[in-house]
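Chemist: build me a structure from this.
(chains A and B)
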Amino acid sequence: DTGVSQDPRHKITKRGQNVTFRCDPISEHNRLYWYRQTLGQGPEFLTYFQNEAQLEKSRLLSDRFSAERPKGSFSTLEIQRTEQGDSAMYLCASSSVQGPYNEQFFGPGTRLTVL
Amino acid sequence: AQKITQTQPGMFVQEKEAVTLDCTYDTSDPSYGLFWYKQPSSGEMIFLIYQGSYDQQNATEGRYSLNFQKARKSANLVISASQLGDSAMYFCATQAGKSTFGDGTTLTVKP
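Modeler: Residues are numbered from 1 along each chain as shown, chains lettered A, B, ... in the order given. Below you'll find the model as predicted:
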């Protein structure tokens, strides 16, 4: 088991461009979560999936953000028309509802910088 | 709605001593879980310990224990015998489906 992986690890883009991040969860995990973390803050929930179904999406998420998990395995998070306020670390986590605690295992994150 | 409050932005502890990191929570869910995660300077989030809302006993995992007081809605993390490698950010989180995190406490262990 290689853990949760995220790609890319770093992304620098210009304001107004679209970006897409990928997350590969632990293979047997059926839940996948996306969070955003800015410096000095805790992770902020964006959305989560159980298998391919998107169960909840934060009201903080604007229409510029979309996430998919088409086959219940990897997930993508797309940000359209990026703004400087989107600069943050984007964390992906996965968990198994069969686990004793349903604790989340986090990936290393994708650091986004919008110039 | 869920809310986590961590009132200690930073804490210092001498190596080999114990330290308590505070966490209070507010949730309308009748059944919930409380988690603590560690985030070293390298950035990865590491699961430490879990407490279920219906668990009768306080959770323990090695040097970590959770002082769970349901009536006060607090779930403080106790780290015993602190080590230099314990220096990190610590986050308390509640989970019912999604997770809600506090803003964290930066722990510095002094040699």
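Chemist: excluding its backbone neighbours, what's nearest the closest residue to chain A within chain B?
Modeler: Residue nearest to chain A within chain B (C-beta to the nearest C-beta): B:F101, separated by 3.4 Å. Yep, even glycine has a C-beta here, placed from its N, CA and C like the rest. In this structure, B:F101 finds its nearest non-sequential neighbour in A:G42, 3.4 Å apart by C-beta to C-beta, 6 or more residues apart in numbering or on different chains.
Chemist: okay, the one you found: pLDDT?
Modeler: Per-residue pLDDT puts A:G42 at 94.
Chemist: got a list of what A:G72 touches?
Modeler: Listed by C-beta atoms under 8 Å, 6 or more residues apart in numbering or on different chains, the contact set of A:G72 reads A:N30, A:F49, A:N51, A:E52.
Chemist: end to end, how far does stretch B:5-23 reach?
Modeler: Counting by C-alpha to C-alpha, to the nearest Å, you get 6 Å between the two ends of stretch B:5-23.
Chemist: find the closest residue to chain B in chain A.
Modeler: Going by C-beta to the nearest C-beta, chain B is nearest to A:G42 of chain A, at 3.4 Å.
Chemist: what's near enough to touch that residue?
Modeler: Here A:G42 is in contact with B:I4, B:F91, B:A93, B:F101, B:G102, B:D103, B:G104 (C-beta under 8 Å, 6+ apart).
Chemist: who is the first one paired with across the strands?
Modeler: Following DSSP bridges, B:I4 is listed with bridge partners B:Y25.
Chemist: list the contacts of the closest residue in space to A:L55 that isn't next to it in sequence.
Modeler: Distances taken as C-beta to C-beta, 6+ apart put A:Y48 closest to A:L55, at 5.9 Å, once the chain neighbours are dropped. Residues near A:Y48 by C-beta under 8 Å, 6+ apart: A:R31, A:L32, A:Y33, A:W34, A:Q54, A:L55, A:E56, B:G97, B:K98.
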